[in-house]
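A.B. asks: 3D, please:
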Amino acid sequence: MIPSPAIFTSAGFVPSSSGPFGASRLSARAVHAPPKQNPTPATAKTRRIRFLLTPSGHRNSITLWRRTPRRTVSWECSLLPLLRLRQAEGCTPVTAAQLRFPFVFTLPRPHPTLPFVNRLSLSAPFRCLRISSQLLLIALVACVSPAQEPAQEPVEKLADKKAEKTAAPEKTENPAQIELLETRYRFEANGDSRKEVHARVHINSELGVRQFVRLNFDYNRSFQSVEIPLVRITHAGGGTADFLPSAITDQPNAAVVNAPAYQDVRVKSVRILGLAPGDNLEYRVITAVSHHPLAPDFWLDHSFDRTGVVSQELFDIDVPASRKIQLHVAPEFPYEMIESEGRADARVVYHWRPPLQRPKDRAQGESVSSGPDVILSTFHDWGEFVNRTTPHLMGYLPTPEIVAKAVELSASADTPEDKFRTLYDFASQKIRTVDLRLGSTGFRLRPPLEIVSSGYAISEEKCELLSVLASGIKGGPIAAPALVVSSASPLSELPGISVFSRIVVSAVLGGKDFWLDPSIEVAPFGMVPSDLRGKLALPFYYRSDSEHFEKISPDLPFVASQKVEVDAALDARGKLNAKVHYSLRGDNELLLRVAFHQAPKEKWKDLAQLLSLSDGFRGTILSAKASDPYATHEPFTVDYEITQPKFVDWSKKPVRISALLPQLGLPDPPAKPAPGARSSSVELGTPLEVETRMTLHLPPDTTARTPTGTSVERDYATFASEYSAKGLTVTASRHIHFLMRQVHADRAADYNAFLRAVLNDQAQDFTLDREAPPAPGSEPNSPASAPRPAQKP
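C.D. replies: This is a model prediction of the structure:
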């Protein structure tokens, strides 16, 4: 979602609108994250807030001027494999005032088939590191519900129970109910615009109070202004309280505190004091856009509330009749068009008043990528869009100073690819990333030389800098920034910046394509996060085909692998000490590189503790270290030492323990499809090789019985395990190799058999037997249980 000259406030309590106001987003800053099932337009940026476009055939479409036929943009669409294991839930959402890291839209995700780091997820920014471990979830459930086995009930109550199941569940009350939501946009012929939001909210509970405790509006004062003329509380017991302008604060965004070049990116907020359950909150917010960098063009997308949080919603778009616009509207939301005639300043107003009985949320039926309900754009086609935006993203040519800098940086490299690699390392690692989202500055980028001297840059500027540096070396690549489409679905015919969520660099060198993301300061050369791979991107080459979207390569620039080695010792008291070593290459590598890069070294033990918990290792971390996150040419390594007293109780016989290895996670088999629906394939993700190995040293007088190893081979994956015991040393190893990205739906039974073989192998235990030590003072050969003779007086 990026600024268009008029919609840059992705309307606070209109979370589903985006456009030129996108830089100034309104949110209700919650103390605690609101429940996911009851989002408010302020805090929960719904899936429909994004500019996810669908083919125009699925929409009512009108074009307000005649134009010549143009080619249809087409490409092969490939959905990126999704994580099979759920990410952490309940994290506090990043609200409007928290503009995020450039990689926030595409956080490095773990490989979908690995559990030992796949429950470690980063929220944006990293300050809110969250982890979701099955162990922690199980512990939480155990605390909330003491018993999972229900007691048997009398037979006569079965009929009542069946009746309860068939009865419709009671509708839960929202923490806050938006009784009225009015949103009005007015666009001018020169691209200036004004957005007004008026809302009345009824607070139902303390959670609703926390959701609306603060209203925040992000904006860029260089081309935007935000006014809050009305904030009023009507108390349940009577009386009202109006907030004075002095209660409103206006400060630089926290992300730009140490970046003087971006002080125009600001946050205007008001804290709502005295709000209580039963009160009504009313507010009015006006966002004006003037002299937007991309004026006179503007664009807008909006989706109506389908969750029931909004009781009544009104939506208006007012445009000058002289401007040529394109408008797509979802058929389930008809509108009224009012035209003023006979005037020099004639205007057209589109008015929506959705019915109180709204259509069901498309998330329950259709794909999330079904797109917004209303889409408006003044761009004629993608060719015009490229022509208008290229001067902003590719506005600088290499100056003599930049060429000299590029030559200096690449002097030690031999080949053009090595030279390009050194330039990437410089732009990625030596220029600090300022975590503003795409378009926060209106694509007003600084010159490359200024970026180098300042030592910091936003994601757009880092991509611009790398492209300019690359053009300054002899025989270097053709490189340019590329905007990444926020959805894997086909693009609508309506072009606009809101369709993009990220920016990367696309380069061609020696007939080989490269995709790079310098905004992630520790990403290896040629690697982009997994949720960008396979998506469509629009490169801004100087002579780019205006309708040519390229597909980001789904492959990594190296073979993905992960190795885990556990060297453990178990003593006679049942205490376990273990040293764990990780060596990673691939998506999990990027995840951990980012985590350890952004955490201070004194917090690395905490990261290791989270990693051990996600692997199922309980205990106390004694020490932790990691390789240099900037050393991206080599695999990333993590080492930690963990101890756990009373790991086993030798008095209980026999003692059974599982292999001290992280459990390998595999996707679940496809669920049985609904009647008439097709079965889905099993997504395995990027090909990956995983090796885990354990060495366990036992105390004296201990014998071990090992399980039987397993070997399973398929064309899509192989699995093998080995277990052995020699003297007081027990070893275990598991090796799984994912060879293909997916398993076709018609092979679900075969995959299910493969999955059961792996799970059954991992469920096997080692059996340990240990002779009880002799009692103190007894004869060496006497039984430990023999009673000691009574002493004579």
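
A.B. asks: Flag the shaky bits of this protein, pLDDT-wise.
C.D. replies: Applying pLDDT under 70 to the chain flags residues 1-171, 342, 356-370, 488-493, 542-547, 772-793.

A.B. asks: what do you get if the cut-off is 50, keeping everything else the same?
C.D. replies: The chain contains residues with pLDDT under 50 at 1-16, 23-163, 165-166, 168, 363-369, 543-546, 777-793.

A.B. asks: how does it divide up, domain by domain?
C.D. replies: Domain assignment for the chain by the TED database gives 176-357+371-378, 385-552, 560-667+681-770.

A.B. asks: Turn those into JSON lines, columns for mean neighbour count and distance to A674.
C.D. replies: Every residue, glycine included, has its C-beta placed from N, CA and C. Below are the domains of the chain laid out as JSON lines (neighbours: other Cβ atoms under 10 Å; distance: least, Cβ to Cβ, whole Å):
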{"stretch": "domain 176-357+371-378", "mean neighbour count": "19", "distance to A674": "22"}
{"stretch": "domain 385-552", "mean neighbour count": "21", "distance to A674": "22"}
{"stretch": "domain 560-667+681-770", "mean neighbour count": "18", "distance to A674": "14"}
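
A.B. asks: tell me the contacts of the closest residue to T240 other than its chain neighbours?
C.D. replies: Counting by Cβ to Cβ, 6 or more residues apart in numbering, T240 lies nearest to T234, which is 5.1 Å off, once chain neighbours are set aside. For T234, the contact set (Cβ atoms under 8 Å, 6 or more residues apart in numbering) comprises 240, 279-280, 282.

A.B. asks: Just read off the phi/psi values of T234.
C.D. replies: phi -110, psi 110 (degrees, to the nearest 10).

A.B. asks: That one pairs with what?
C.D. replies: T240, N280 (DSSP bridges).

A.B. asks: Next one: it from D279, what distance?
C.D. replies: Counting by Cβ to Cβ, to the nearest Å, the gap from T234 to D279 is 7 Å.

A.B. asks: Same check on R573?
C.D. replies: Here R573 is placed at a distance of 60 Å from D279 (Cβ to Cβ).

A.B. asks: same thing with D649?
C.D. replies: From D649 across to D279, the span is 57 Å (Cβ to Cβ).

A.B. asks: Same check on I736?
C.D. replies: 57 Å.

A.B. asks: Which residue ranges of the protein form helices?
C.D. replies: Under the criterion DSSP state H, the chain carries helices at the ranges 134-144, 158-166, 206-211, 382-393, 400-409, 416-425, 448-454, 459-470, 587-598, 604-614, 748-762.

A.B. asks: Against which helices or strands is the shortest one packed?
C.D. replies: The reference is to helix 206-211. Packing contacts for helix 206-211, counted by 3 or more Cβ pairs under 8 Å, 6 or more residues apart in numbering; DSSP states H and E, involve strand 176-187.

A.B. asks: and T172, how many neighbours?
C.D. replies: T172 has 9 neighbours, counted by other Cβ atoms under 10 Å.

A.B. asks: quick one: it from R502, how far?
C.D. replies: Counting by Cβ to Cβ, the gap from T172 to R502 is 36 Å.

A.B. asks: ok, back up a step: go through the helices of the chain and name the closest to Q742.
C.D. replies: helix 748-762 (10.0 Å; Cβ to Cβ).

A.B. asks: ok now that closest one, how far from the chain's centre?
C.D. replies: 30 Å (Cα atoms, centre = their mean, to the nearest Å).

A.B. asks: List the neighbours of that helix that are in contact with it.
C.D. replies: Outside helix 748-762, the residues that touch it by Cβ under 8 Å, 6+ apart are 658-659, 663-664, 666, 668-670, 679, 682, 707, 709-710, 712, 714, 716-717, 719, 721, 734, 736, 743.

A.B. asks: The same query, at a cut-off of 7 Å, please.
C.D. replies: Contact partners of helix 748-762, identified using Cβ atoms under 7 Å, 6 or more residues apart in numbering, comprise 663-664, 666, 669-670, 679, 682, 710, 712, 714, 717, 719, 721, 743.

A.B. asks: now, the most widely separated pair of those?
C.D. replies: So, the contacts of helix 748-762 by Cβ to Cβ: farthest apart are S679 and S721, at 29.6 Å.

A.B. asks: I'd guessed V289 sits against S193; true?
C.D. replies: Yes: with contact defined as Cβ atoms under 7 Å, V289 counts as touching S193 (4.7 Å).

A.B. asks: hang on, the earlier thing: with distance to F558 as extra columns, can I get the helices of the chain in CSV?
C.D. replies: Below are those laid out as CSV (distance: least, Cβ to Cβ, whole Å):
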stretch, distance to F558
helix 134-144, 30
helix 158-166, 53
helix 206-211, 45
helix 382-393, 29
helix 400-409, 23
helix 416-425, 13
helix 448-454, 29
helix 459-470, 20
helix 587-598, 10
helix 604-614, 22
helix 748-762, 26
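
A.B. asks: residue boundaries of the strands in the stretch 651-793 of the chain?
C.D. replies: Secondary structure of the stretch 651-793 of the chain by DSSP state E, counting those that start in this stretch: the strands cover 655-658, 682-683, 688-697, 702-705, 711-713, 717-726, 729-738, 742-743, 765-770.
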